[in-house]
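A.B. asks: show me how the following folds:
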Amino acid sequence: MKKRSPYFASAYLLAAGLLAIWIFQPVLTHAAPFYQGKTIEILGESRVGGGTDTMARITAAVLPMHIPGNPKIVVRSMPGGGGSIANNIFYARGKPDGLHLLQNSSSPVSMQQRGNEIVKYDLRKLEHIGHVVRGGNVIFIRKGKMKNLLDPKAEPAVVGTKEGEETWLAMLIWGKEFLDWNIRFIPGYTGTSDIELAFQRGEVDVFGTSNSFLIKRLLEQDMIELVCQNGTYKKGKFKRRPDFADVQTFEDLLVSKNKKPTGVPWQAYIAWLGSNMVDKSLSAPRNTPEKYVSILRTAFDKMGEDPKFDALITKMVTPVYDVVSGTDTRDVLDQVLGAPKEAIDYGISLQKKFGLIAQ
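C.D. replies: Coordinates of the predicted model:
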């Protein structure tokens, strides 16, 4: 019998191996996506029909289209305790399997920031998929009063406030401290409608709100000039809201004057804005594997660009919104909830300095 060359044997084995790879290649490269045939549950912290619940159901309708495997998403509501019930349970028992998510509002952020005793969760430790924030606050002033704001020798422009703690008030407090804005604060109003009425009567010159309808109504009446806005926090910087794209952010205003503070004063400013910076957030439990978090974050970003999502949120929640990535959500919460005591004390010191709370 003729003996085969070792080179022939090697070539034979190589060909056999290549044939095997070719035969099994379709199986290896076309494995079913993890989410195919799966069901994701979104736990909502608010009542059925509320804004947070509506956002969860919009997400349930659109997000699966952008997840490989097109899973089904169901929403389960667990209202109560300002969102603390759902958050406490999710934090303690949420399964890190890529199939359980939490739809939050800004309320649980505020509760954790205030150190409420019923809070047993830490939002900083969740795996954030992203959030949708409605338009940030805009500061405006009565027409003809801008000179008063900028001239220290003029009569101070009057700012109406409830208890000196509104998120929009941060821009005016830090403006007075770092830009020498000539303003006088009058606390004690019952709410935004009360302040607006005082504005219409000429008792108040300056205030702020995120309500685009109120701002546009006053603009149509030719009563106001827009001063600045806090904007949406993305990639370490505040971005302008789309419906007031020509209004500078307070951060940009500070930078343009070379007056932006650093360290504790800026940490205090971010902490004051607090829950205003994170609105309708979607998160996975802590310790959820990165491979699932990455898939969900990518899908969330794509959802934000989907015309169907835009149509639903515009009709059912808000005409003005911005979609923020999971990494930016985590960054914001780290800064807001991780602010050092010195930053909180700094904000309180400014309240005392400007007569917003008793010495």
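A.B. asks: Ile215 is in contact with Thr192, correct?
C.D. replies: No. In this structure, Thr192 is not within contact of Ile215 by C-beta atoms under 8 Å, at 11.4 Å. Every residue, glycine included, has its C-beta placed from N, CA and C.
A.B. asks: more neighbours, these two?
C.D. replies: Under the criterion of other C-beta atoms under 10 Å, the comparison of Thr192 against Ile215 puts Ile215 first, with 22 against 18.
A.B. asks: check which helices and strands the helix or strand where Ile139 lies sits against.
C.D. replies: For Ile139, the element it lies in under DSSP states H and E is strand 138-142. In terms of contacts (3 or more C-beta pairs under 8 Å, 6 or more residues apart in numbering; DSSP states H and E), strand 138-142 is packed against strand 206-209, helix 212-220, strand 224-229.
A.B. asks: hmm, back to that, give me the common contacts of Thr192 and Ile215.
C.D. replies: Shared between the contact lists of Thr192 and Ile215 (criterion: C-beta atoms under 8 Å, 6 or more residues apart in numbering) are residues Thr209.
A.B. asks: quick one, phi psi at Lys38?
C.D. replies: The phi/psi pair for Lys38 (degrees, to the nearest 10) reads phi -90, psi 160.
A.B. asks: against Glu127, how distant is it?
C.D. replies: 17 Å (C-beta to C-beta, to the nearest Å).
A.B. asks: give me whichever of the helices and strands packed on strand 138-142 is most buried.
C.D. replies: A comparison of the helices and strands packed on strand 138-142 by mean neighbour count, using mean count of other C-beta atoms under 10 Å, puts strand 206-209 on top with a mean of 25.
A.B. asks: for it, packing partners?
C.D. replies: The elements that strand 206-209 packs onto, with contact taken as 3+ C-beta pairs under 8 Å, 6+ apart, are strand 138-142, strand 157-160, helix 169-178, helix 192-201.
A.B. asks: could you point out which element follows the lowest-mean-pLDDT helix or strand in the chain?
C.D. replies: Taking mean pLDDT, DSSP states H and E as the measure, the helices and strands of the chain show their lowest mean at helix 6-29, namely a mean of 48. Towards the C-terminus, the helix or strand next in line after helix 6-29, according to DSSP H and E, is strand 39-44.
A.B. asks: how about that following strand: buried residues?
C.D. replies: Using 16 or more other C-beta atoms under 10 Å as the test for burial, strand 39-44 gives Ile40, Ile42, Leu43, Gly44.
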